[in-house]
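Q: All I have is the shape, not the residue letters:
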């Protein structure tokens, strides 16, 4: 039976899925540059490492008003044919694999009648509820009106490539349209916050702005080397860790948990993940972090090393990023903290230290085997 993978995400009270083959990148929502003459479904533009990317929202596609954006919202970057664009969502969940038998492509449940049927390629009915599968070609319906704005903004970004990063956003707002002042005034809306975050406090605005700066500035680091590491950024308490995305099979909520008798404390139990039994392994002790009980509803990262598949309970799954190897500082050979031997190196992420984990070493040398003493 033919199967396909979908990235599952949530907007309002509905679950959606998008073909993972279209997904390029995921990150937390930054400050966006709104454009007045954009099509009705477009929020604005983001400078993603020197590439101008339009941002859309499903509410606008259906001519609904957009509720205020939150710092916890995410952007999913998609590639449809020759166009790259971002879709703003409230929560990114996990990658699920569906076979054709589970997908209804003809009639849809009454519960999703409020969704424009043109946006839906099918609906998958699962134990966790309906998953609305989106039709990618309908997500940018007015492409003819979007492309000139992108080209115009891209030309200006290319021209100001040598400008200081602190001035880049202001220049984008000033120069994204034609140089004619009158036309420029009609196209640019300078305040993202009045439109989409009217009650945002100054501290939150600073975070939105810093995220936009980070996305833009990373273009400079990309020029240093072509060796990029795709990472899933996870959180334990106030600490951030990076997990090699090549080892990650997906992200999930722990919906069921069966304890395993006579196992050490770091073996949480087994979880049935769409018919596959996955053992949940707590790595917090290895990392010398405080532990507390893992509960139903907690998040987990599913990793695979050769024939070993395991779920790692985490407190947060923040986003997926590309880290330039030149930006990672290796740890010195003389490591005093035992937990540091399982860290490949460190880098800055959202003004915090990101520790890049050596997952293979954790599993082979971190005393995680079931037959080890607790």
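A: Structure received. Every value quoted in this text rests on a predicted model; they were computed, and no experiment measured them.
Q: Count the residues that sit near the nearest residue to residue 6 once chain neighbours are set aside.
A: Once flanking residues are discounted, residue 6 sits nearest to residue 17: 3.6 Å by C-beta to C-beta, 6 or more residues apart in numbering. Using the backbone N, CA and C atoms, a C-beta is placed for each residue, glycine as well. By the criterion of other C-beta atoms under 10 Å, residue 17 has 24 neighbours.
Q: from here on, count from 671
A: I'll keep to 671 as the first residue from here, and by that count the last item is residue 687.
Q: how about residue 687, what does it touch?
A: Applying C-beta atoms under 8 Å, 6 or more residues apart in numbering to residue 687 gives the contacts 676, 677, 678, 679, 766, 768, 794, 801, 802, 803, 804.
Q: For the fifth one, name its beta-bridge partners.
A: When bridges are assigned using DSSP bridges, the partners listed for residue 766 are residue 676.
Q: gap between it and residue 682?
A: 19 Å (C-beta to C-beta, to the nearest Å).
Q: So those two - more neighbours on which side?
A: residue 766 (22 against 11).
Q: Pull the contacting residues for that one.
A: So, once contact is read as C-beta under 8 Å, 6+ apart, residue 766 ends up touching 675, 676, 678, 687, 796, 801, 920, 944.
Q: In TSV: those, plus secondary structure, pLDDT and distance to residue 927.
A: Listed next are those as TSV, based on DSSP: H, G, I helix; E, B strand; the rest coil; pLDDT from 0 to 100; distance: C-beta to C-beta, whole Å:
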residue	secondary structure	pLDDT	distance to residue 927
675	strand	86	24
676	strand	88	24
678	strand	88	20
687	strand	91	25
796	strand	82	19
801	strand	88	23
920	strand	85	17
944	coil	80	15
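Q: Filter the residues you listed down to the buried ones, ChimeraX style.
A: Buried residues within those, by 16 or more other C-beta atoms under 10 Å, are selected in ChimeraX with:
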select :676,678,687,801,920
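Q: which one among the contacts of residue 766 gets closest to residue 1017?
A: Nearest to residue 1017 among the contacts of residue 766, counting by C-beta to C-beta, is residue 920 at 24.0 Å.
Q: Tell me the spacing between the closest one and residue 762.
A: For residue 920 relative to residue 762 (C-beta to C-beta), the value is 11 Å.
Q: now swap in residue 867 and tell me
A: From residue 867 to residue 762 the distance is 20 Å (C-beta to C-beta).
Q: all strands for the stretch 771-920 of the chain, in order.
A: Per DSSP state E, counting those that start in this stretch, the stretch 771-920 of the chain carries strands over the ranges 773-774, 790-796, 799-804, 898-906, 909-914, 918-923.
Q: what comes into contact with the fifth one?
A: Looking back up the chat, that one is strand 909-914. Contacts of strand 909-914 (C-beta under 8 Å, 6+ apart): 899-905, 957, 959, 971, 973, 982, 988, 991, 993, 1017, 1019-1020, 1022-1027, 1029.
Q: Which positions in it come out as buried?
A: 910, 911, 912, 913, 914.
Q: The second one now?
A: By neighbour count on 16+ other C-beta under 10 Å, the buried set for strand 790-796 is 790, 791, 792, 793, 794.
Q: And the fourth one, by the same measure?
A: Under the neighbour-count criterion of 16+ other C-beta under 10 Å, strand 898-906 has 898, 899, 901, 902, 903, 904, 906 buried.
Q: same for the top helix by length along the chain, what does it pack against?
A: Scanning the chain for the longest helix, with DSSP state H as the assignment, gives helix 872-892. Counting by 3 or more C-beta pairs under 8 Å, 6 or more residues apart in numbering; DSSP states H and E, the packing neighbours recorded for helix 872-892 are strand 693-698, strand 712-718, helix 835-845, helix 862-866, strand 986-994.
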